[in-house]
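Colleague: Just need the structure, nothing else, for what follows:
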Amino acid sequence: MSIWFHENINLDDISRQGLGTSIEHMGIEFTEIGDDYLTGTMPVDHRTIQPIGILHGGSSCLLAETLGSIAANLCLDQLEKKYAVGMNINTSHIKSAKQGEVVTGTARAIHLGRSSQVWNIDIINQKQQLVSTTKLTMSIISIR
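Modeller: Reported below is the predicted structural model:
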């Protein structure tokens, strides 16, 4: 059973939301949407590394919050003028990723409530090793 509010969600529509934002600047691409998850990739390059040539922790957080935020909003009926915004992010960095690699993040819901949502986002490297894990809490607000 799908957690998404609309049945016809496609990656092109999701990708358009990122045009002209940090999503586009950081090279994040949405690669897969399943019944209960959203996956995207981000290059480990000059935009996302720290001075010693490994993935910057803030870049990992940006990928995680991007995936969790987009996914959270895909669970809401936009006609009700509700929007999910980040309330808390907690990331544990497990393994480094080197310049030239691509990391992949997958967001999965832990809790989908009326006033809050909680998401887990795991980021892995090309060897399928865990790079970081994030718990993201979203607040559901009214934008009337």
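
Colleague: from the middle of its chain, how far away would the longest helix along the chain be?
Modeller: The residue-count maximum for a helix in the chain (DSSP state H) belongs to helix 57-74. Here helix 57-74 is found 3 Å from its chain centre; the criterion is C-alpha atoms, centre = their mean, to the nearest Å.

Colleague: At which residues are the helices of the chain located?
Modeller: When secondary structure is read from DSSP H, the chain shows helices at 11-16, 22-25, 57-74.

Colleague: Skipping adjacent residues, who's closest to the residue nearest the centre of the chain in space?
Modeller: Residue closest to the average C-alpha location in the chain (C-alpha atoms, centre = their mean): L67, at 1.4 Å. Nearest non-adjacent residue to L67, counting by C-beta to C-beta, 6 or more residues apart in numbering: A107, 4.0 Å away. (Each C-beta comes from the backbone N, C-alpha and C, glycine too.)

Colleague: residue contacts, that neighbour?
Modeller: Shown in contact with A107 (C-beta atoms under 8 Å, 6 or more residues apart in numbering): 37-39, 64, 67-68, 70-71, 119-121, 136.

Colleague: Can you report how many residues neighbour the residue nearest to N73 when sequence neighbours are not counted?
Modeller: Excluding its sequence neighbours, the residue lying closest to N73 (C-beta to C-beta, 6+ apart) is A84, at 5.0 Å. Applying other C-beta atoms under 10 Å, we find 23 residues neighbouring A84.
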